[in-house]
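K.L.:
Here's my sequence, what's the structure:
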Amino acid sequence: MTTVAMTLAVALAGGLGAATRFVVDGALRRRFSLVATLLINVTGSLLLGLLAGLALAHGWASPWSTLAGTGFLGGYTTFSTAGTETVRLLQARRYTAAALTWVGMLVLGVGACAAGLALGRLGGG
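P.N.:
Numbering: from 1, shown residues only. Next up is the predicted model:
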């Protein structure tokens with residue numbers, strides 16, 4: 001695949017990931033308004049860790065892993081929304097909620113990525 005074709009394919013996959021995030025966020029906000037972004041970022045981190053683990057352990061690194069990881073999951077996860085929600089909590093003087101949101105997002109996201117990476121590497125060489 002040429003560089004131009006790959007760039008366009010990653011952009012398309014990113015758009016699909018963002019659209020998926022929009023739909024999932026809408027569904028989650030109705031039931032779990034305060035943790036919708038957290039759930040999206042943690043599941044995206046888990047999936048990206050899993051994809052990376054599979055690529056490392058089983059040689060799955062390919063244009064497809066770039067499309068899924070950089071494209072789709074890059075569009076699906078949303079660091080900027082997490083930052084905006086934290087700033088809004090700070091502006092509302094909800095300092096404890098802001099700290100828990102930010103630290104929780106970081107710890108749970110990194111933990112989920114590590115778990116996905118470990119799962120993906122199972123049985124690898």
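K.L.:
need the contact list for Ser65.
P.N.:
Going by C-beta atoms under 8 Å, 6 or more residues apart in numbering, Ser65 touches Leu51, Leu54, Ala55. All C-beta spots, glycine's among them, are computed from the backbone N, C-alpha and C.
K.L.:
By mean pLDDT, flag the weakest helix or strand of the protein.
P.N.:
In the chain, no helix or strand scores lower on mean pLDDT, DSSP states H and E than helix 63-66, which sits at a mean of 87.
K.L.:
So for the helix or strand just after it, what gets flagged as buried?
P.N.:
As assigned by DSSP states H and E, the chain's next helix or strand after helix 63-66 is helix 74-76. Residues of helix 74-76 classed as buried by neighbour count (16 or more other C-beta atoms under 10 Å): Gly74, Gly75, Tyr76.
K.L.:
right, and the helix or strand after helix 74-76?
P.N.:
Next in sequence after helix 74-76, counting helices and strands by DSSP H and E, comes helix 79-91.
K.L.:
what about the lengthiest helix in the chain, distance to the chain center?
P.N.:
Secondary structure of the chain per DSSP state H: the longest helix is helix 3-31. Relative to its parent chain, helix 3-31 has a centroid offset of 11 Å by C-alpha atoms, centre = their mean, to the nearest Å.
K.L.:
same for it, what does it pack against?
P.N.:
Applying 3 or more C-beta pairs under 8 Å, 6 or more residues apart in numbering; DSSP states H and E, one finds that helix 3-31 contacts helix 36-58, helix 63-66, helix 74-76.
K.L.:
same for the first one, what does it pack against?
P.N.:
In this structure, helix 36-58 makes packing contacts with helix 3-31, helix 63-66, helix 79-91, helix 95-121, judged by 3+ C-beta pairs under 8 Å, 6+ apart.
K.L.:
Could I get the pLDDT score of the residue in the chain sticking out farthest from the centre?
P.N.:
Centroid-distance maximum for the chain: Arg93 at 27.6 Å, with C-alpha atoms, centre = their mean. pLDDT for Arg93: 97.
K.L.:
how about it, secondary structure?
P.N.:
Assigned state for Arg93: coil (three-state reduction, DSSP: H, G, I helix; E, B strand; the rest coil).
K.L.:
How about the backbone phi and psi for it?
P.N.:
Reported as degrees, to the nearest 10, the phi and psi values for Arg93 are phi 60, psi 30.
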